[in-house]
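Asker: Sequence plus the predicted model coming up.
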Amino acid sequence: MGTVVNGERRRFGPISNDTAGLATTLGQIGGEGVCRWKMLMNGMHLEGHWNCVEYVVIEPGASIGEHVHVRTEEIYYIISGQALMKINGEVIPCSAGDLITAPIGTAHGIENRSDEEVRFFVVEVFPGEGGGLQPALVHLPGLAANNGSTDVDLKPYFTGDWRRFRLLEIAAQSHDDAVTTNSEVVHVLNGSASIHVSDQWHYQGKDGLSVALPPGTQRRISNAASNEPLRLIITEVAAA
């Protein structure tokens, strides 16, 4: 959102975080059992109408209770495991690679009835005008090209300033260069990433590294591994 000081709007630079140091929650939003949670990015520090970026782990037998967001729209991306999403009263199985959209007013909850943890990535963005949009489930691996990458246009699913969700795979010792058009959050799913930003900052990490970039930023994401692919997700939201 940026910050105003003495009438001047001051922007934030890049922000980095990871999935270490999760908080433990019990009976989250009226659910059952144990979940672990961390806010990766606070929307106040991002350009655009972001609310938050989160990482959640649901332990076997646990759940997050059904609830309705009255002020934010939301995506869930299942990183690993198998879960049951309850969306507007309908129970929908989902698994790794599924992207779930929840526009404003969607009743939703998630359960883990398996023997393994469910890990997922969450983004919330403030809505725009209008309504009446329906939630959806998109299985990204089914859309991925031979190079393991695909893009989802988020604009039809929401009223807010969502732009794009990308599943990006970078081959060993290769890289992806871009100048960001929107505000974006890069999150490493698997592999070893080296992210250079505007020749000023360098971030290096493996699974769970998250880096937020403001619009107009030159960045290079490199695969630091010699023999395995790097897999990431990138969420883009228009800057205000």
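Answerer: Received the coordinates, thanks. Residues are numbered from 1 along each chain as shown.

Asker: Where does pLDDT dip in the protein?
Answerer: Within the chain, the stretches with pLDDT under 70 are 1-10, 240.

Asker: Would you map the helices across this protein?
Answerer: Here the chain has its helices, by DSSP state H, at 140-143.

Asker: Now do the same contact list for the residue nearest to residue 208 when sequence neighbours are not counted.
Answerer: Excluding the flanking residues, the one nearest residue 208 by C-beta to C-beta, 6 or more residues apart in numbering is residue 19, at 3.4 Å. To be clear about C-beta, it is placed using only N, CA and C from the backbone, and glycine gets the same treatment. Shown in contact with residue 19 (C-beta atoms under 8 Å, 6 or more residues apart in numbering): 38, 40, 55, 207-208, 210.

Asker: hang on, residue 127 packs against residue 162?
Answerer: No. Under the criterion of C-beta atoms under 8 Å, residue 127 lies out of contact with residue 162, with a separation of 9.8 Å.

Asker: Name whatever forms a beta bridge with residue 93.
Answerer: Residue 93 forms beta bridges with residue 84, as assigned by DSSP bridges.

Asker: ends of stretch 41-56, how far apart?
Answerer: 13 Å (C-alpha to C-alpha, to the nearest Å).

Asker: centre of the chain versus it, how much separation?
Answerer: How far stretch 41-56 lies from its chain's middle: 10 Å, per C-alpha atoms, centre = their mean, to the nearest Å.

Asker: Which strand residues bridge the closest residue in space to residue 136 that isn't next to it in sequence?
Answerer: With sequence-adjacent residues excluded and distances taken as C-beta to C-beta, 6+ apart, residue 136 is closest to residue 101, at 4.9 Å. Here residue 101 sits in beta bridges with residue 75, residue 136, going by DSSP bridges.

Asker: How about residue 118?
Answerer: Per DSSP bridges, the residues bridged to residue 118 are residue 58.

Asker: Just confirm residue 164 contacts residue 180, I think it does.
Answerer: No. With contact defined as C-beta under 8 Å, residue 164 does not count as touching residue 180 (11.2 Å).

Asker: check contacts around residue 76.
Answerer: 85, 98-100, 102, 110, 120-122.
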